[in-house]
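Chemist: Provided below are the primary sequence and the corresponding predicted coordinates.
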Amino acid sequence: MVGFLQQQPIQWARIYRQTLTLVHKNFLIFFSSPISTLIRALFFPLIATAVLCSLKHIQSVSNGVQTDTGFSENTYRIRDLSTSMNQLGRTKLAFVLNGTSSAVVDPVVEGIRNLKGMEGMNLVRLEKTEELFDECKQSLVGRSECYAAVIFSAFDDENVSYTIAADESIATDQASATSGECLMTSADKS
């Protein structure tokens, strides 16, 4: 036990031989193919570093607006839900309960139905997400008769967790319908 606790002396001769063997191996590799060694050891790291350093200057430009902060410097008016649905000519809005209680979701749906301008809209309640395939059938270009689908995932007294699913064509339809307005819609809590 006492011998185990004692530190063994460093074997400098072994370390010296291993270091010389590694240096000899590296010279053999370098002299057998010096061009590829220079590319792997010098040029590739320099090029990779230059590319990674220049990535911070690459930006995605949306709508021709470039800012240092990434936020738009222009403000846009947000349309309400009924105006947006009427402009697109889509009057169906689907609500997927997804296991949540109908008694809990019904006041939310009725609150949206009672919003100004929502009188003629078709609000549909679905039990499962799979029912969206039948209720909001899409064409080959991704257009359906539904404006959007609200898919509830959790619901309690204070928080509602949901996802809004919409066709890709809504963004292009809204952009061509009016300019200078935000593509998002809002529904007032009342």
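Modeler: Sure, I can see it.

Chemist: which phi and psi does the spatially most central residue of the chain have?
Modeler: For the chain, the residue lying nearest the average C-alpha position, counting by C-alpha atoms, centre = their mean, turns out to be Thr163 (13.2 Å). Dihedral angles phi and psi of Thr163 (degrees, to the nearest 10) take the values phi -130, psi 140.

Chemist: what does Arg125 give?
Modeler: Note on Arg125: its backbone torsions stand at phi -100, psi 130 [degrees, to the nearest 10].

Chemist: switch to numbering from 42
Modeler: All set: I'll call the first residue 42, so the last point we hit is now Arg166.

Chemist: Report the backbone C-alpha coordinates of the strand or helix carrying Leu63 in PDB.
Modeler: Using DSSP states H and E, Leu63 sits in helix 53-73. Provided in PDB are the C-alpha atoms of helix 53-73 (Å, rounded to 0.1, in the frame of the first residue of the first chain):
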ATOM      1  CA  TRP A  53      12.400  11.200 -19.400                       C
ATOM      2  CA  ALA A  54      14.100   8.800 -21.800                       C
ATOM      3  CA  ARG A  55      10.700   7.200 -22.800                       C
ATOM      4  CA  ILE A  56       9.200  10.700 -23.300                       C
ATOM      5  CA  TYR A  57      12.200  11.800 -25.400                       C
ATOM      6  CA  ARG A  58      12.000   8.600 -27.600                       C
ATOM      7  CA  GLN A  59       8.200   9.100 -28.100                       C
ATOM      8  CA  THR A  60       8.700  12.700 -29.100                       C
ATOM      9  CA  LEU A  61      11.500  11.900 -31.600                       C
ATOM     10  CA  THR A  62       9.300   9.200 -33.100                       C
ATOM     11  CA  LEU A  63       6.400  11.600 -33.500                       C
ATOM     12  CA  VAL A  64       8.600  14.300 -35.100                       C
ATOM     13  CA  HIS A  65      10.100  11.700 -37.400                       C
ATOM     14  CA  LYS A  66       6.600  10.500 -38.400                       C
ATOM     15  CA  ASN A  67       5.500  14.000 -39.100                       C
ATOM     16  CA  PHE A  68       8.500  14.700 -41.300                       C
ATOM     17  CA  LEU A  69       7.900  11.500 -43.200                       C
ATOM     18  CA  ILE A  70       4.300  12.600 -43.900                       C
ATOM     19  CA  PHE A  71       5.400  16.100 -44.900                       C
ATOM     20  CA  PHE A  72       8.200  14.900 -47.300                       C
ATOM     21  CA  SER A  73       6.000  12.200 -48.900                       C
END
